[in-house]
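J.: make a model of this:
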Amino acid sequence: MPEKGRVSGDIAAFVKKVGALARPNAAQDGRLLFALDATMSRQPTWDLACSLQAEMFRAIPKQSALQVQLLYFRGFGECRASRWVIDGDALARLMGGIDCRGGNTQISKVFSHARAEHTKQRINAVIYVGDAMEENVDLLSEQAGQLGLLGLPIFVFQEGRDAAVEAAFRGFAKLSKGAYARFDASAPQELAALLKAVAVYASGGRKMLKLQDSNQAKTLLAQLPP
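T.: Take a look at the predicted model:
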């Protein structure tokens, strides 16, 4: 029971942090980098993310647009980014062709790619979903801080309860001026709520979230500061 309460508290704190962030430039499409650990341990969560990713697009009002790029790492040094897409079907096709493979984490490549893409054209938010961290935490923290200085927040979602991973992930989120939340893969609505919250932020911030008419969006909005 205490663990369940902790998860709920993390999600509530995450949603509150999203509402407090500065609104991105609404004059152009929101851009969201969706990065996932695709090493072997992640297959169940990869399948879950595949089933939920369309929720990000459905959460966006029709008068707005969201561009999403998929980034994943797996195997021996493999780290790939997709083209930018603007609909859930296209992202689903991209994700559906990828299987998880054994290997170590490559979070540094995720942060480096995010910075490179952001310097070409503004990215409003980075989502990172993972359960492990096998790299130099100090170097990753420096990279996360650099993204924060560039105005690119990282929203880190952790599966599992590894305390060392949690400390690192919380640090990356804080340094980038983003947010952290843990989720339980057996409760998919938690991850769905988090993905939708960041998608709405990336496309227009708290004001955009107010435009949502779904019960879930209203529940999220009720947790945000006025």
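J.: and the biggest helix by length in the chain, what's buried?
T.: Longest helix in the chain by number of residues (criterion: DSSP state H): helix 188-210. Buried residues in helix 188-210, counted by 16 or more other C-beta atoms under 10 Å: 188, 190-206, 208-209. (Each C-beta comes from the backbone N, C-alpha and C, glycine too.)
J.: equivalent analysis for stretch 167-180, please.
T.: Buried, per 16+ other C-beta under 10 Å, within stretch 167-180: 168-180.
J.: check stretch 137-155 too.
T.: 137, 140-141, 143-148, 152-155.
J.: among these, which ones are in helices?
T.: Among these, DSSP H puts 137, 140-141, 143-148 in helices.
J.: can you tell me what sits against stretch 77-96?
T.: 29, 31, 34, 46, 49-50, 53-54, 56-58, 65-73, 101, 103, 106, 109-110, 113, 117 (C-beta atoms under 8 Å, 6 or more residues apart in numbering).
J.: re the thing from before, and the longest helix of the chain, how far out from the chain middle?
T.: Averaging C-alpha positions (C-alpha atoms, centre = their mean, to the nearest Å) puts helix 188-210 10 Å from its chain's average.
J.: one more: stretch 151-169?
T.: Using C-alpha atoms, centre = their mean, the offset of stretch 151-169 from its chain centre is 10 Å.
J.: same question for that stretch, mean pLDDT?
T.: What stretch 151-169 shows for mean pLDDT is 92.
J.: next one: stretch 190-200
T.: The pLDDT scores in stretch 190-200 average 84.
J.: can I get that stretch in PDB, CA atoms only?
T.: Provided in PDB are the C-alpha atoms of stretch 190-200 (Å, rounded to 0.1, in the frame of the first residue of the first chain):
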ATOM      1  CA  GLU A 190      -0.700   6.000 -15.200                       C
ATOM      2  CA  LEU A 191       1.600   6.100 -18.200                       C
ATOM      3  CA  ALA A 192      -1.200   7.200 -20.500                       C
ATOM      4  CA  ALA A 193      -1.900  10.200 -18.200                       C
ATOM      5  CA  LEU A 194       1.700  11.100 -18.100                       C
ATOM      6  CA  LEU A 195       2.200  10.900 -21.900                       C
ATOM      7  CA  LYS A 196      -0.900  13.000 -22.500                       C
ATOM      8  CA  ALA A 197       0.100  15.600 -20.000                       C
ATOM      9  CA  VAL A 198       3.500  16.200 -21.700                       C
ATOM     10  CA  ALA A 199       2.000  16.100 -25.200                       C
ATOM     11  CA  VAL A 200      -0.500  18.900 -24.200                       C
END
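J.: and Pro44, how far is that from Lys196?
T.: 21 Å (C-beta to C-beta, to the nearest Å).
J.: need the buried residues of stretch 137-155 in JSON lines with distance to Val126, can you?
T.: Output for the buried residues of stretch 137-155, formatted as JSON lines (distance: C-beta to C-beta, whole Å):
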{"residue": "Val137", "distance to Val126": "18"}
{"residue": "Leu140", "distance to Val126": "13"}
{"residue": "Ser141", "distance to Val126": "15"}
{"residue": "Gln143", "distance to Val126": "11"}
{"residue": "Ala144", "distance to Val126": "10"}
{"residue": "Gly145", "distance to Val126": "14"}
{"residue": "Gln146", "distance to Val126": "13"}
{"residue": "Leu147", "distance to Val126": "7"}
{"residue": "Gly148", "distance to Val126": "11"}
{"residue": "Leu152", "distance to Val126": "6"}
{"residue": "Pro153", "distance to Val126": "7"}
{"residue": "Ile154", "distance to Val126": "5"}
{"residue": "Phe155", "distance to Val126": "7"}
